[in-house]
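A.B. asks: everything below, folded, please.
(chains A and B)
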Number of protein chains: 2
Amino acid sequence: MMRTRPLKVALLGCGVVGSEVARIMTTHADDLAARIGAPVELAGVAVRRPDKVREGIPAELITTDATALVKRGDLDVVVEVIGGIEPARTLITTAFEHGASVVSANKALLAQDGAALHAAAEAHGRDLYYEAAVAGAIPLIRPLRESLAGDKVNRVLGIVNGTTNFILDKMDTTGAGYQEALDEATALGYAEADPTADVEGFDAAAKAAILAGIAFHTRVRLDDVYREGMTEVTTADFASAKEMGCTIKLLAICERAEDGASVTARVHPAMIPLSHPLASVRGAYNAVFVESDASGQLMFYGPGAGGAPTASAVLGDLVAVCRNRLAGATGPGESAYAALPVSPMGEVVTRYHISLDVADKPGVLAQVATVFAEHGVSIDTVRQQGKDGEASLVVVTHRASDAALGGTVEALRKLDTVRGVASIMRVEGE
Amino acid sequence: MMRTRPLKVALLGCGVVGSEVARIMTTHADDLAARIGAPVELAGVAVRRPDKVREGIPAELITTDATALVKRGDLDVVVEVIGGIEPARTLITTAFEHGASVVSANKALLAQDGAALHAAAEAHGRDLYYEAAVAGAIPLIRPLRESLAGDKVNRVLGIVNGTTNFILDKMDTTGAGYQEALDEATALGYAEADPTADVEGFDAAAKAAILAGIAFHTRVRLDDVYREGMTEVTTADFASAKEMGCTIKLLAICERAEDGASVTARVHPAMIPLSHPLASVRGAYNAVFVESDASGQLMFYGPGAGGAPTASAVLGDLVAVCRNRLAGATGPGESAYAALPVSPMGEVVTRYHISLDVADKPGVLAQVATVFAEHGVSIDTVRQQGKDGEASLVVVTHRASDAALGGTVEALRKLDTVRGVASIMRVEGE
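C.D. replies: Numbering: from 1, shown residues only, chains lettered A, B, ... in the order given. As a prediction, the model looks like this:
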């Protein structure tokens, strides 16, 4: 039954993920052949440093000329695990032009240029799969693109960055401060020497753009995603969260507006109730919570990074793309038919937890409450705590727009009796 | 771009799930058409009671002759939501013979005759999809069949029956007994008037057979699945579990043996540590935990039943199958290439928590310990508790085969000093 001519696969990049992909393609060759219906052959591996020893990869397959590799014309699939925008973008479009389908793990590129890449794939009748780009090995892109294709997704709430979840979990469970928790994450290899992409939310924002696009059948670019890092989350914030029966997570949140006519995508730290399934996601794990009309609440949980999990996601895609090749078909392409407008952060509606340092004298609460009322932000609870002429005021609001909350805070800062705004944290998942 | 000739879909069964499928096909017609690339048309609905009012379904589509419907020859997809073995089996094979692909939610039929149905689909070059058969709307079958296709699954541990999870959760959180919790489940509509299929584990066993088959690329039939219900779980068991830092869940467990040469599938109540992600699955929710070589630990969580969630899973399959039709292709068929033997329960290796009622006199512990040793079952901890000449002995073992444990318990029962074996519970997920 099985076709004997092997499918030819080229690998662009041979770092942690790439070498694991190559290893499994070799060690599990029979397994993969049985699952695909034809053997797969590693036809070439493009690397930057050809002299590095790469166990299990025949030296004659190694090349530094990635462009020549993707132009060979006899490739069935190109696996891109270089990362970054260029040369990955040009290599992928060149691969399509020369007849190959593409499996990519490149979240930055997909978030920035997903539409153009999908168009190139479609123009040449080829597949573009990228399960590994979001939440590592967790099968998430495929369920959203396929299993929930008959449903209507209203919200995606995700912990999509393992580094920051490790840091926040550490702060929560040990009482460590941000720097101490970051140092431990670095020592254990969870954080890179320059942790900016993780802790400032850039990595999560790219994933939010991809998730929002798929969930809402709408093009959402990285620039459309509001982004706030988690470097300013303090132990005091965790204490406040505990008082609320909450913990703090860095969340990627993609929402359809209540009227259904627009969507938003954002990344920021937020309080979520301890009873929410996302609250118990520990360490460097990722989890994505999806709310839809028919399916209700779904959650996908697993390791968000690492060579082996990411390689597993790449291989799952590789099998699917190879099967499509054999069938002479392609899988689902870009689905952007809904084309909903992406609203700015000011139009996001949620609840807020605000800590104010105020003068400890009569009338302060009335003043503060008036400012909230003037901006149309309704207060749910207020807690007042006084000591030595200084006091703190903790206000939790009902749902209000981010613009209204911003106006409120600006006005509060101008009050003589408000010495400072200690923290503003959104409250999600209720 | 869009093809205008609609794809024709027939619906077999129009109960809770079927009517919801019909409703969404009508109300979300444009959406579905955009996702598929062609409109879908409801071509006929086979029902048992034609006189029942069915809102939104034109009367001329209703028929009691399901056989004639699937024999029409112009159908693209048949959606089977009748349940049970016959006439569902014959209708599905007839549908294949007359050129239609099939989407089914029928776990009993798939567990019993999955291999024959897959063979019929393949013989006619058609698709058989059944996401809704296991864990309702949770996208699980598709990730296992496709996303993890390049990975090696070693264990699947699942809460796949919402009724029993509701009952056990109630017993755990309120201290209610089994009957009281069952009564509440019945009152709330979570349990059927005759709850046997749920509480005796038949429903979960069918799902375990399907999951094991997909996870291990091996045919696993319902008869291969060891099954124990949860009607004998007591409040005392929950107290014991708490002392162990555990809770009790009815688990479907599919495992590859340590040597990789065989697999097992079983359903029974078991203690799992509170720190395990499955321990916090509340109420009627389902969750399936998958352990694989490359992906590590993944969990899929969501509503396991209900008309809307199940309909959502059916529609996701419908979209995929329709897309395959348009592409002239089929999705992944049965993958049973590994063809591993399914071992009997006696070969399962796990840990055990055993409560014994014993005489409160010197030497009893030594006698009991000797019996364990003679059967090669190593003891991890023993806790002795005495009162009024009677005592209880709680033994937690290291990993041992079910056969060895069975022999141990048989021998224990023969000891004069052992008045009775109060409970035996497996300990999983460690």
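
A.B. asks: who's in contact with the residue in the stretch 1-150 of chain A positioned nearest to chain B?
C.D. replies: Distance from chain B to each residue of the stretch 1-150 of chain A (CB to the nearest CB) is smallest for A:G150, at 2.5 Å. To be clear about C-beta, it is placed using only N, CA and C from the backbone, and glycine gets the same treatment. Going by CB atoms under 8 Å, 6 or more residues apart in numbering or on different chains, A:G150 touches A:A294, B:I24, B:H28, B:L32, B:R35, B:S312, B:V314, B:L315, B:G316, B:D317, B:L318, B:V319.

A.B. asks: quick one: which of the residues you listed is nearest B:H98?
C.D. replies: Proximity of those to B:H98 (CB to CB) peaks at B:L318, which lies at 18.1 Å.

A.B. asks: pull the contacting residues for the nearest residue to the residue of the stretch 1-150 of chain A closest to chain B once chain neighbours are set aside.
C.D. replies: Using CB to CB, 6 or more residues apart in numbering or on different chains and skipping the chain neighbours, the partner closest in space to A:G150 is B:L315 (2.5 Å). Contact partners of B:L315, counting by CB under 8 Å, 6+ apart, are A:A149, A:G150, A:D151, A:A294, B:V21, B:I24, B:M25, B:L32.

A.B. asks: mind checking how far the fifth one is from A:D65?
C.D. replies: With the distance defined as CB to CB, to the nearest Å, B:V21 ends up 53 Å from A:D65.

A.B. asks: doesn't A:T381 belong to a helix?
C.D. replies: No: under DSSP: H, G, I helix; E, B strand; the rest coil, A:T381 falls outside any helix and is assigned strand.

A.B. asks: can you name the residues bridging to it?
C.D. replies: Beta-bridge partners for A:T381, by DSSP bridges, are A:V396.

A.B. asks: what pLDDT is listed against it?
C.D. replies: What the model reports as pLDDT for A:T381 is 91.

A.B. asks: swap in A:R3?
C.D. replies: 60.

A.B. asks: how about the contacts made by the most far-flung residue of chain A relative to its centre?
C.D. replies: Distance from the centre of chain A peaks at A:P362, with 46.3 Å (CA atoms, centre = their mean). By CB under 8 Å, 6+ apart, the contact set of A:P362 is empty.

A.B. asks: next one: the one 10 residues further on
C.D. replies: Neighbour list for A:F372: A:S378, A:I379, A:V395, A:T397, A:T408 [criterion: CB under 8 Å, 6+ apart].

A.B. asks: would the residue nearest to A:G150 count as being in a strand?
C.D. replies: No: under three-state DSSP, B:L315 sits outside any strand and is assigned helix.

A.B. asks: what separation do you get for it and B:T26?
C.D. replies: From B:L315 to B:T26 the distance is 12 Å (CB to CB).

A.B. asks: residues near the nearest residue to A:A119 once chain neighbours are set aside, how many?
C.D. replies: Nearest residue to A:A119, sequence neighbours excluded (CB to CB, 6+ apart): A:E334, at 7.4 Å. The local packing of A:E334 (other CB atoms under 10 Å in any protein chain shown) involves 19 other residues.

A.B. asks: quick one: contacts for A:E334?
C.D. replies: A:E334 makes contact with A:G114, A:A115, A:H118, A:A119, A:E122 under the criterion CB under 8 Å, 6+ apart.

A.B. asks: would you mind giving the secondary structure of it?
C.D. replies: coil.

A.B. asks: could I get the full set of helices for the stretch 1-150 of chain A?
C.D. replies: A:16-27, A:29-36, A:66-70, A:88-97, A:107-123, A:141-145 (DSSP state H, counting those that start in this stretch).

A.B. asks: buried residues in the fourth one, which are they?
C.D. replies: Neighbour-count burial for helix A:88-97 flags A:A88, A:R89, A:L91, A:I92, A:T93, A:T94, A:A95, A:F96 (criterion: 16 or more other CB atoms under 10 Å in any protein chain shown).
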